[in-house]
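S.K.: show me how the following folds:
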Amino acid sequence: MTKPLVLVTGAAGLLGRYILRELTAAGYAVRGLDRRAGEGTDDWVVGDVTDAATVARAVAGAGLVIHAAARANIWQGTGEEIMHTNVMGTWQVFEAARQAGVPRVVFCSSDSVIGYTVREGAMKPPVYMPVDLDHPLRATDPYALSKILGEDIGRAYTHWGMEVVALRTVFVAYPEMEGEIRTRHASPATYKGTPAGGPSSAGGGAFYNYIDPRDLARAFRLALEIDMEPGAFEAFFLSSGETLAPEPTTDRAWRLHGDAIRVARPGLYAAQSFAGLYDTEHAARRLGFRAEHSLRHLID
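M.R.: Presented below is the predicted three-dimensional model:
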């Protein structure tokens, strides 16, 4: 059976190249939309994701859409620029997909929707850990807010019968970030900016959560392939099974916040002392996804 053409927005970016590689290896035909043509496919639409005509041209003929284009963190523009690209761009993609009759859109969301990822926000600690889909969303910075609004846009389009998947990924630890990760580990108290020359500073919030881009790309493919009912919306937290922090997760939670974060599953952290802040069991059960690549060797 011939697989449908998949449009990937942001396909020339750091994440996009991994998604293209994963989909191509799985036998999908792939079209990229970005402000420049990249590698991984010969089928490119070059333009801005906020431009309706560009997006409509990119969506035409596609059977599925992965929307990964965004200003990828709080440092990639002013609040106004982040909101314009991430919210208006997301609406343009969903609206074009609706008009073209695309049955499913996979949206790249973020763990920032819980409001605990960057110092530029209020950094309210989570109510409990591991954080699951029942945890309240409380964005306090423009990037996080843009991702909540992006999910809301996706939910709105389920009323047209569209199937929507939101992948709430943590910090993606690209190979270009390895120097930053090592530098932060060497002196976390003084680490600031991009002293190792990375594309951004090492992220992952206060607990240094991360995911390998190869794992994340596989999750996007799985999100295209799971069985869903028309009009369904599903969200998943995606993370490695461990953090890049130097201390066990419960010890770090206590040092940073005392007893403010309730440990909802103590057995998880007893079995894996560096287990991450987010629940990964739902993704394992429903999406068939578990991270396979560990980067703890960078800090050992």
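
S.K.: okay, now the closest residue to Ala100 other than its chain neighbours: neighbour count?
M.R.: Spatially, and ignoring its direct neighbours in sequence, Ala100 is nearest to Val59 (4.7 Å; Cβ to Cβ, 6 or more residues apart in numbering). (C-beta placed from N, C-alpha, C; glycine too.) Using other Cβ atoms under 10 Å, the number of residues around Val59 comes to 26.

S.K.: before we move on, what about Ala26?
M.R.: Residues near Ala26, counting by other Cβ under 10 Å, number 15.

S.K.: ok, and what's touching the helix or strand harbouring His282?
M.R.: Element membership for His282, per DSSP states H and E: helix 281-282. With contact meaning Cβ atoms under 8 Å, 6 or more residues apart in numbering, helix 281-282 is reached by 132-133, 236-237.

S.K.: centre of the chain to that helix, how far?
M.R.: Its chain's C-alpha centre and that of helix 281-282 lie 16 Å apart, by Cα atoms, centre = their mean, to the nearest Å.

S.K.: for stretch 218-228, same thing?
M.R.: Distance, centroid of stretch 218-228 to centroid of chain: 14 Å (Cα atoms, centre = their mean).

S.K.: how about Asp43, what does it touch?
M.R.: Applying Cβ under 8 Å, 6+ apart, the residues near Asp43 are 29-32.

S.K.: by neighbour count, which of those residues wins?
M.R.: For those, counting by other Cβ under 10 Å, the largest number of neighbours falls to Gly32: 29 neighbours.

S.K.: and that one, that's in a helix?
M.R.: No. Assignment of Gly32 by DSSP: H, G, I helix; E, B strand; the rest coil gives strand, placing it outside any helix.

S.K.: my guess is it contacts Asp42. True?
M.R.: No. The pair Gly32 / Asp42 is not scored as a contact, 9.4 Å apart, by Cβ atoms under 8 Å.

S.K.: tell me which two of the contacts of Asp43 sit farthest apart.
M.R.: Using Cβ to Cβ, the contacts of Asp43 span at most 11.4 Å, a distance reached by Ala29 and Gly32.

S.K.: state the helix or strand in which Gly267 lies.
M.R.: Judged by DSSP H and E, Gly267 forms part of helix 266-271.

S.K.: any idea of the mean pLDDT in that helix?
M.R.: For helix 266-271, mean pLDDT is 97.

S.K.: what about that helix, distance to the chain center?
M.R.: Per Cα atoms, centre = their mean, the centroid offset for helix 266-271 relative to its chain is 25 Å.

S.K.: with stretch 83-96 instead?
M.R.: Relative to its chain's centre, stretch 83-96 lies at 16 Å (Cα atoms, centre = their mean).

S.K.: likewise for stretch 279-288?
M.R.: For stretch 279-288, the separation from the chain centroid amounts to 15 Å (computed by Cα atoms, centre = their mean).

S.K.: for that stretch, which residues meet the burial criterion?
M.R.: 279-280, 282-283, 287 (16 or more other Cβ atoms under 10 Å).

S.K.: and the residues you listed, which is closest to Tyr210?
M.R.: Thr280 (12.6 Å).

S.K.: got a list of what the closest residue to that closest one other than its chain neighbours touches?
M.R.: Leaving aside its sequence neighbours, Thr280 sits nearest to Ser239 (Cβ to Cβ, 6+ apart; 5.8 Å). Residues near Ser239 by Cβ under 8 Å, 6+ apart: 111, 169-170, 209-211, 276-278, 280, 291.

S.K.: which of those lies closest to Leu5?
M.R.: For the contacts of Ser239, the nearest to Leu5 is Thr169 (23.9 Å; Cβ to Cβ).

S.K.: need the per-residue pLDDT for that closest one.
M.R.: Per the predicted model, pLDDT is 97 at Thr169.

S.K.: now it: closest residue in space, sequence neighbours ignored.
M.R.: Per Cβ to Cβ, 6+ apart, closest to Thr169 is Leu238, 4.7 Å.

S.K.: do Val49 as well
M.R.: For Val49, ignoring the flanking residues on the chain, the nearest one in space by Cβ to Cβ, 6+ apart is Gly89 at 3.8 Å.

S.K.: residues touching the strand or helix carrying that neighbour, excluding its own?
M.R.: If you go by DSSP H and E, Gly89 is part of helix 89-100. The set of residues external to helix 89-100 that reach it, using Cβ under 8 Å, 6+ apart, is 9, 48-52, 55-56, 58-60, 62, 65, 67, 69-70, 105, 107, 146, 149-150, 153-154, 156-157, 160, 162.
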